[in-house]
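1. Pasting the sequence and the predicted model now:
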Amino acid sequence: MVSSQSMSGNLDNSFNALMVSGGDESGQEQNGGTGTTLLGWKDLPMELLLRIISVAGDDRMVIVASGVCTGWRDALGWGVASLSFSWCQDHMNELVMSLAHKLTKLQVLSLRQIKPQLEDSAVEAVANYCHDLRELDLSRSFRLSDRSLYALAHGCLHLTRLNISGCSNFSDVALVYLTSQCRNFKCLNLCGCVRAVSDRALQAIARNCGQLQSLNLGWCDTVTDRGVTSLASGCPELRAVDLCGCVLITDEGVVALANGCPHLRSLGLYYCQNITDRAMYSLAANSRIRSKGMSWGAAESGGRRSRDDRDGLSNLNISQCTALTPPAVQAVCDSFPALHTCPERHSLIISGCLSLTAVHCACALHPHRAGRAMLSNHAY
């Protein structure tokens, strides 16, 4: 961490520069002509400190400054809505606990770590004071236990995004309880949460989190079609689902997603080796059904169509799905114009499937289309 002595010196230098550039010849600034002399950061109005925080763009500077200046400390509590501690390589747990009571306005918090530091006590402190929190990143917090999820369930009921990827100590009982209390989730990253992600947990998510749009279940290898089918029926707003490494998933789960999630844009099936052509044809068939439905709808609405619905899948990872054949994958590629095998826009990922090398997108046959598509992407 940056030393408080060094930061204090930097603050003093910055203040002096501010006074010289904006003050009178003596280097002192008169506050709005009222005769009040600004002698240090502590004398700046709260509104100005909040403005400085909003444009600083350096969370470390703001946090360390709050430790050496009471004005900054007060401003931290009044005006900081988004904060990241990911830069902190040592003593993150103590730092979070010491500041949590000041962060009552916080809405976005990142506690992502390079090496494990965070403990349940810090998450409990956040849950006790940051009741307006919307987004929380706890990824790679290997030391956390169920205590943290229970604390969030009691204190952070407005959460919409939660990243607990790599948190392997959480249980499915705690995850079920969390989703029963926090029902506004739109994005959940549960990658690698092998104990927490079970079919029972997915059923709870489907039952409680109907607004969910993005779900990462990567390498949660106990998940079966039963859990995925529940998600497809309970979370129809899903746009991104990552099932990479969920080795028990079969065609049944993919078919359920194809039928139940009309807005699906990204699907990860890496190493799901039980997937066969049936899953691919189901994805393609649902694309055609929706296209026909949108054609009728477009005619009735004067030709206007939703871009997201029209494009359908824009990213599909079927690497190592060795049971798939070229005709089935080609059918998917033909059904979704946003899927590409060309190097410029590689969004249909088929690495490790030597039998699928003949699959190609329209750009491969009509290179000029790819050029036009690239230009249109850069037009805005």
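-> Received the coordinates, thanks. Here the structure is a predicted model, which means the values were calculated and not measured. Residues are numbered from 1 along each chain as shown.

2. CA only for contacts and neighbour counts going forward, please
-> Will do.

3. secondary structure class for residue 316?
-> At residue 316 the chain is in strand, as set by DSSP: H, G, I helix; E, B strand; the rest coil.

4. what number of residues lie near it?
-> Residues near residue 316, counting by other Cα atoms under 10 Å, number 23.

5. my read: it touches residue 267, true?
-> Yes - counting by Cα atoms under 8 Å, residue 316 does reach residue 267; the two are 5.0 Å apart.

6. contacting residues for residue 200?
-> Listed by Cα atoms under 8 Å, 6 or more residues apart in numbering, the contact set of residue 200 reads 172, 176, 227.

7. hang on, the first one packs against residue 193?
-> No - here residue 172 lies out of contact with residue 193, judged by Cα under 8 Å, at a distance of 9.2 Å.

8. and residue 146, how far is that from residue 172?
-> 9 Å (Cα to Cα, to the nearest Å).

9. So those two - more neighbours on which side?
-> With neighbours defined as other Cα under 10 Å, residue 146 and residue 172 compare such that residue 172 has more, 21 against 17.

10. Please list the residues outside stretch 118-127 that contact it.
-> Outside of stretch 118-127, the residues within contact range by Cα under 8 Å, 6+ apart are 92-94, 96-97, 100-101, 111, 141, 143-145, 147-148, 151-152, 154-156.

11. Give the closest residue to residue 273 in space, chain neighbours not counted.
-> Spatial nearest neighbour of residue 273, excluding adjacent residues (Cα to Cα, 6 or more residues apart in numbering): residue 321 at 4.7 Å.

12. now stretch 272-290: how far from the chain's centre is it?
-> 27 Å (Cα atoms, centre = their mean, to the nearest Å).

13. what does stretch 239-250 give?
-> For stretch 239-250, the separation from the chain centroid amounts to 18 Å (computed by Cα atoms, centre = their mean).

14. Going by neighbour count, list what's buried in the helix or strand encompassing residue 333.
-> Assigned by DSSP states H and E, residue 333 falls within helix 326-335. The neighbour-count check on helix 326-335 (16 or more other Cα atoms under 10 Å) flags 328, 329, 330, 331, 332, 333, 334, 335 as buried.

15. Same question for stretch 97-109.
-> 99, 100, 102, 103, 104, 105, 106, 107, 108, 109.

16. for stretch 351-365, same thing?
-> Neighbour-count burial for stretch 351-365, counted by 16+ other Cα under 10 Å, picks out 353, 356, 359, 360, 361, 362, 363.

17. Tell me which of the buried residues of stretch 97-109 fall in helices.
-> residue 99 (DSSP state H).

18. Just give me the closest of the buried residues of stretch 97-109 to residue 181.
-> In terms of Cα to Cα, no member of the buried residues of stretch 97-109 lies closer to residue 181 than residue 107, at 17.9 Å.

19. hmm, back to that, now, which of the contacts of residue 200 sits nearest residue 88?
-> Looking across the contacts of residue 200 and measuring by Cα to Cα, the closest to residue 88 is residue 172, at 29.7 Å.

20. How much space separates the closest one from residue 201?
-> Distance, residue 172 to residue 201, using Cα to Cα: 6 Å.

21. repeat for residue 90
-> Residue 90 is 33 Å from residue 201, by Cα to Cα.

22. Those two: which has the busier surroundings?
-> Counted by other Cα under 10 Å, residue 90 and residue 201 do not tie: residue 201 has more neighbours, with 22 against 15.

23. isn't the more buried one right up against residue 175?
-> Yes - the criterion here is Cα under 8 Å, and residue 201 meets it with residue 175 at 6.5 Å.

24. circling back: turn the contacts of residue 200 into JSON lines, columns for distance to residue 257.
-> JSON lines is the format used below for these (distance: Cα to Cα, whole Å):
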{"residue": "172", "distance to residue 257": "22"}
{"residue": "176", "distance to residue 257": "21"}
{"residue": "227", "distance to residue 257": "11"}
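
25. from these, which single one is nearest residue 82?
-> Looking across the contacts of residue 200 and measuring by Cα to Cα, the closest to residue 82 is residue 176, at 27.4 Å.

26. ok, that closest one - contacts?
-> 200, 201, 204, 205.

27. 7 Å - rerun?
-> 201, 204 (Cα atoms under 7 Å, 6 or more residues apart in numbering).

28. I'd like the numbering to begin with 11 instead of 1 from here.
-> With 11 as the first residue, the last one maps to residue 186.

29. Over the helix or strand hosting it, what's the mean pLDDT, rounded is fine.
-> Using DSSP H and E, residue 186 sits within helix 182-191. For helix 182-191, the mean per-residue pLDDT is 98.

30. buried stuff in it?
-> Of the residues in helix 182-191, 182, 183, 184, 185, 186, 187, 188, 189, 191 count as buried by neighbour count, 16+ other Cα under 10 Å.

31. Pipe the residues you listed into a markdown table and attach distance to residue 74 per row.
-> Shown next, in a markdown table, are the buried residues of helix 182-191 (distance: Cα to Cα, whole Å):
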| residue | distance to residue 74 |
| --- | --- |
| 182 | 37 |
| 183 | 38 |
| 184 | 34 |
| 185 | 34 |
| 186 | 37 |
| 187 | 36 |
| 188 | 33 |
| 189 | 35 |
| 191 | 34 |
